[in-house]
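Novice: I would like the atomic coordinates for the input below:
(2 chains)
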There are 2 protein chains.
Amino acid sequence: MREVTIVGIGQIPVSEYWTRSLRHMAHDALMAAWQDSGVEEVDTLYVGNALADELSDQKQLGALVADFIGQRGIAAARVEAGDASGALALHQAYLAVASGMYDTALVVGVEQMSAALPVEVISATARFLDQEYEATMGATLNSIFALMMRRYMYEYKVPRDAFFAFPSTAHQNAVNNPNAMFRKAIKESTYKRIAMISEPLNMFDVAPICDGAAAVMLCATDKLPVLRHDGPPPVRIAASTVATDAVAVHDRQDPLFLEAAFISSQLAYRQATLNQTDIQLFELHDSSSIMAALSLEACGLAPRGEGARAAAEGLIALDGPAPISTMGGLKARGNPAGATGIYQVVEIAQQLREETGANHISGAQAGLAQSIGGTGATAVTHILTQL
Amino acid sequence: MREVTIVGIGQIPVSEYWTRSLRHMAHDALMAAWQDSGVEEVDTLYVGNALADELSDQKQLGALVADFIGQRGIAAARVEAGDASGALALHQAYLAVASGMYDTALVVGVEQMSAALPVEVISATARFLDQEYEATMGATLNSIFALMMRRYMYEYKVPRDAFFAFPSTAHQNAVNNPNAMFRKAIKESTYKRIAMISEPLNMFDVAPICDGAAAVMLCATDKLPVLRHDGPPPVRIAASTVATDAVAVHDRQDPLFLEAAFISSQLAYRQATLNQTDIQLFELHDSSSIMAALSLEACGLAPRGEGARAAAEGLIALDGPAPISTMGGLKARGNPAGATGIYQVVEIAQQLREETGANHISGAQAGLAQSIGGTGATAVTHILTQL
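Specialist: Numbers count the residues shown, from 1 in each chain, chains lettered A, B, ... in the order given. Prediction:
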């Protein structure tokens, strides 16, 4: 298996682009990643996208985007697994380069949600759930998160306000990220009185509906000498792993344990031959505060039932032992579903390349990004290290 | 790059399954493929599907199907490129095994279309087109095929009835295929008077709305000795290639040349180090009669503008020099969009394993399957040979 390296990164600010189409957003992120790399020729393209089918009336995004970036003819594919689509597309691109069939690969995660009516977005993202057992009963993504959170509060005797650390950290870190949607710190007093989305989940507990695109250029490590030498430092993909779980939460062995996230992170630690203490930052899937807590636990960063409390005690701060959402996370940078997984990886590359300014994690030599589809059915973990 | 082999195949009859859900159909095809193989452990799963988002309200099909076949936990992905989804999923599975990360992979193409209203299916498949330049004007898949066909008739002075050879051959061959939807030969007199779908395309020129699932089990060739030895003969994947073109037909260099199909087939001949005359059968993408003619030309089996005439003169018959649709093709076996590409590959494997009864192509040692997304934006070509 060939080693694979990230040689270029690109992103557009997460925002609401009501007048900008999907292909334009993908183009801008991809061209930034391409320019950032020393690569001349692109061999294949992967597009991670969750919602274009219903929200943009568009399929075959692989071919569409390949053409729009001037690469008509190259191999291209669209990959989907809810809001893990971007990360899963990266895994496929990683395999494509590792196989030896392609030397370079562009990957873009792209999503346009804000041009549709919110009710359409809610219906569309409910398709990340199990249609026959969850969505058909009227459940939405946030309503299931709310059930999980209430069970967590009951089971582990955690008060609702203990979850404040997640949005608080995310918003604080987003202040210094020019690509984040919400660049404003939040106060605990506001958190305590802001409107509920689906009790006990409030507006600060969930990621916003938004648009975005982020991209990376991959290159086989044995082809690096061919690239120009004045580019930014390449970043090594030390692990790329995928695991799955039941789509319906009630069908899982334990509704409060993200089994797929656990398996995928264990496989990643093993592939990278690193353990948690060798890794300086963790971009986890904080699509809601409860998912952030469960992700910490699944990745072995906090004991079962202790995720929220540990976060409140400083675990996840920029200077803590396991910083998460270092550029704002899904909560404050924004969670443009199929694009999110690539934003996470781009941000870790920025940390390793020391391009994160005041948010830089000092001594960062390895970072873990974990993206989760919906309530936990698909989990994709990448570990990046300095080359 | 590791060699990859097909060690198991499975399919359910193409039909209208109004009371059977997507996951059940995928399960049945996958279990058949698994049982057919000598494989004990499945390392990863790929699901090719085009329309579940809107027609079944379901995403994250990778995780959903993995769980439903009792393989909760394994890596899984859903791949989409219109009606080339199944074949593109196979390409990704091929890369996954070739890379060395996974030793075995299950691939299923699955689609449920008939439970939705026809108007919903027409809208959904219009998403295979370019939304901003084609679908938004009211174009549908068949209306664009009709424009291409009329241009072809004008440009190359081909009468409409010359296309009869395509549905005629497909229906004739489907008679002996227990998995085909239409097992009845058609008469030229009927073809001449049957209702138009979108002039000059009539009901016999287009594939039906239908449901189906087909699956294959892949295994790294270097792991074959581990398998049980009494199974059916394995089939080698000698080539697996992908190419793309503009999604909008008016944007292509020549609207009557399937550039992606051409590039993909040329890459496949090169990868397999075979040329057309070394290959005894060709499962092409006859989603409409005009696509069948253009596919023949793109694959180098007929000169430009001669596809329909050559077909009428016996080129594509079971005993002709380039048999196509040997088990009924998209037209008569049926075209369950995201499943089609796997049906084609399963049928070629059946031919190479001599399981096709009266339709067996004598001396078949190599077969080519080509799947196309929509009107030609994505093309995936596989060449299979006896091991």
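Novice: Taking the centroid of chain A, which residue is nearest it?
Specialist: Central residue of chain A (Cα atoms, centre = their mean): residue A:341, 2.8 Å from the mean position.
Novice: excluding its backbone neighbours, what's nearest that residue?
Specialist: residue A:87 (2.8 Å; Cβ to Cβ, 6 or more residues apart in numbering or on different chains). Using the backbone N, CA and C atoms, a C-beta is placed for each residue, glycine as well.
Novice: and the residue nearest to the centre of chain A, what element?
Specialist: Here residue A:341 sits within helix A:340-352, counting by DSSP states H and E.
Novice: which helices and strands sit right next to that helix?
Specialist: Where contact means 3 or more Cβ pairs under 8 Å, 6 or more residues apart in numbering or on different chains; DSSP states H and E, helix A:340-352 is packed against strand A:4-11, helix A:85-99, strand A:104-111, strand A:212-220, strand A:235-244, strand A:281-283, strand A:366-373, strand A:378-386.
Novice: Give me the sheet partners of the fourth one and which way each runs.
Specialist: According to DSSP bridges, strand A:212-220 has the following sheet partners: strand A:4-11 (antiparallel), strand A:104-111 (antiparallel).
Novice: follow-up on the earlier one: for burial, what's the neighbour tally of the residue nearest to residue A:341?
Specialist: Residue A:87 has 34 neighbouring residues, counting by other Cβ atoms under 10 Å in any protein chain shown.
Novice: any idea of the pLDDT on it?
Specialist: Note for residue A:87: predicted pLDDT of 98.
Novice: what about it, distance to residue A:217?
Specialist: 16 Å (Cβ to Cβ, to the nearest Å).
Novice: now residue A:55
Specialist: Distance, residue A:55 to residue A:217, by Cβ to Cβ: 27 Å.
Novice: residue boundaries of the helices in chain A?
Specialist: Using DSSP state H, the helices of chain A run over A:22-36, A:52-55, A:61-68, A:85-99, A:118-125, A:141-156, A:165-174, A:188-193, A:259-272, A:289-298, A:307-312, A:340-352.
Novice: Distance from the chain centre to the last one, please.
Specialist: Relative to the centre of its chain, helix A:340-352 is centred 8 Å away, using Cα atoms, centre = their mean, to the nearest Å.
Novice: is it true that residue A:91 touches residue A:380?
Specialist: Yes: contact criterion Cβ atoms under 8 Å: residue A:91 and residue A:380 qualify, at 5.7 Å.
Novice: Let's see stretch A:369-376 as CSV, backbone CA atoms only.
Specialist: The C-alpha coordinates for stretch A:369-376 follow below in CSV (Å, rounded to 0.1, in the frame of the first residue of the first chain):
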residue,chain,number,x,y,z
ALA,A,369,-10.3,14.3,12.5
GLN,A,370,-13.5,12.3,13.0
SER,A,371,-16.6,12.7,10.9
ILE,A,372,-19.9,11.1,11.7
GLY,A,373,-23.0,10.5,9.6
GLY,A,374,-26.2,11.5,11.2
THR,A,375,-26.6,10.1,14.7
GLY,A,376,-23.6,7.7,14.4
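Novice: What sits closest to residue A:79 if chain neighbours are left out?
Specialist: Of all residues not flanking residue A:79 in the chain, residue A:89 sits nearest, at 4.1 Å (Cβ to Cβ, 6+ apart).
Novice: Same check on residue A:71?
Specialist: Leaving out its chain neighbours, the residue that sits closest to residue A:71 by Cβ to Cβ, 6+ apart is residue A:42, at 5.7 Å.
Novice: which residues touch that neighbour?
Specialist: Applying Cβ atoms under 8 Å, 6 or more residues apart in numbering or on different chains, we find residue A:42 in contact with A:34, A:71, A:74, A:104-106, A:217.
Novice: Could you chop chain A up by domain?
Specialist: If you go by automatic domain parsing, the domain ranges for chain A are A:4-117+A:209-235, A:137-205+A:236-386.
Novice: Can you lay out these as TSV showing distance to residue B:234?
Specialist: As requested, the domains of chain A are exported to TSV (distance: least, Cβ to Cβ, whole Å):
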stretch	distance to residue B:234
domain A:4-117+A:209-235	20
domain A:137-205+A:236-386	26
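Novice: so which of these gets nearest residue B:117?
Specialist: domain A:4-117+A:209-235 (15.9 Å; Cβ to Cβ).
Novice: right, and residue A:349 touches residue A:8 too?
Specialist: No: with contacts defined as Cβ under 8 Å, residue A:349 does not count as touching residue A:8, sitting 9.1 Å away.
Novice: Could you pull out the residues contacting both of these two?
Specialist: Common neighbours of residue A:349 and residue A:8, using Cβ under 8 Å, 6+ apart, are residue A:216.
Novice: Which one's more surrounded, the two?
Specialist: residue A:8 (27 against 24).
Novice: I'd guessed the more buried one sits against residue A:33; true?
Specialist: Yes: contact criterion Cβ under 8 Å: residue A:8 and residue A:33 qualify, at 4.4 Å.
Novice: Residues that sit against both of these two, list them.
Specialist: A:215-217.
Novice: Pipe those residues into a markdown table and attach neighbour count and pLDDT per row.
Specialist: Formatted as a markdown table, these follow (neighbours: other Cβ atoms under 10 Å in any protein chain shown; pLDDT from 0 to 100):
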| residue | neighbour count | pLDDT |
| --- | --- | --- |
| A:215 | 35 | 99 |
| A:216 | 30 | 98 |
| A:217 | 26 | 98 |
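Novice: between these, which is nearest residue A:190?
Specialist: The closest of the shared contacts of residue A:8 and residue A:33 to residue A:190 turns out to be residue A:215 (Cβ to Cβ; 34.5 Å).
Novice: What separation do you get for the closest one and residue A:26?
Specialist: 8 Å.
Novice: Overlap in contacts, the two.
Specialist: Common contacts of residue A:215 and residue A:26 (Cβ under 8 Å, 6+ apart): residue A:108.
Novice: which residue packs closest to the closest residue to chain B within the stretch 251-387 of chain A, ignoring adjacent ones?
Specialist: Residue nearest to chain B within the stretch 251-387 of chain A (Cβ to the nearest Cβ): residue A:377, separated by 3.7 Å. Excluding its sequence neighbours, the residue lying closest to residue A:377 (Cβ to Cβ, 6+ apart) is residue B:63, at 3.7 Å.
Novice: Was I right to think that neighbour contacts residue A:244?
Specialist: Yes: Residue B:63 is within contact range of residue A:244, at 3.9 Å (criterion: Cβ under 8 Å).
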